[in-house]
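1. Below are the sequence and a predicted model; questions follow.
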Amino acid sequence: MEIKILGTGCTKCQKLTETTVEAVKALGVDVKVLKVTDVAKIMEYNVMSTPALVVDDKVVLSGRLASVDEVVSLLQAYI
C-alpha cells in the first residue's frame with residue numbers, strides 16, 4: 001500500500017498528514033505516508049482542492065479533513 005497526502009503544506013494538509021499517520025498506527029500496518037507538495041504532481045491526480053488523500057494512486061478524499069476513524073475506514077479497503 002502506498003499513501004500520499006497531496007497539498008502545498010498548509011495547516012489543513014499538515015493536519016491530514018498527522019491524522020493519516022495516526023490511522024496507520026491504529027491499523028498496525030507498516031506503511032510510509034508521503035507528502036506531495038509539487039503543484040504539477042498534484043494536478044496529475046485531477047485534484048482541484050487540497051488536502052487530498054491518495055491510496056495506491058487512487059484519490060479517496062479531497063478538499064477536506066477527516067477524523068482518524070474515517071481515515072482508518074478508508075484505508076481498510078486497501079489492506
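-> Alright, I've got the coordinates. Residues are numbered from 1 along each chain as shown.
2. How many neighbouring residues does Cys10 have?
-> Residues within reach of Cys10, counting by other CB atoms under 10 Å, total 12. Backbone N, C-alpha and C define where each C-beta goes, glycine included.
3. Backbone dihedrals for it, please?
-> Per-residue torsions, Cys10: phi -70, psi 170 (degrees, to the nearest 10).
4. so what's it up against?
-> Residues in contact with Cys10 (CB atoms under 8 Å, 6 or more residues apart in numbering) are 50-51.
5. Could you check the pLDDT of it?
-> At Cys10, the predicted lDDT confidence score is 93.
6. got it, and Tyr78?
-> At Tyr78, the pLDDT recorded in the model is 92.
7. Against Asn46, how distant is it?
-> With the distance defined as CB to CB, to the nearest Å, Tyr78 ends up 20 Å from Asn46.
8. partners of Val55 in the sheet?
-> Ile3, Lys58 (DSSP bridges).
9. Am I right that Val21 sits in a helix?
-> Yes: counting by DSSP: H, G, I helix; E, B strand; the rest coil, Val21 falls inside a helix.
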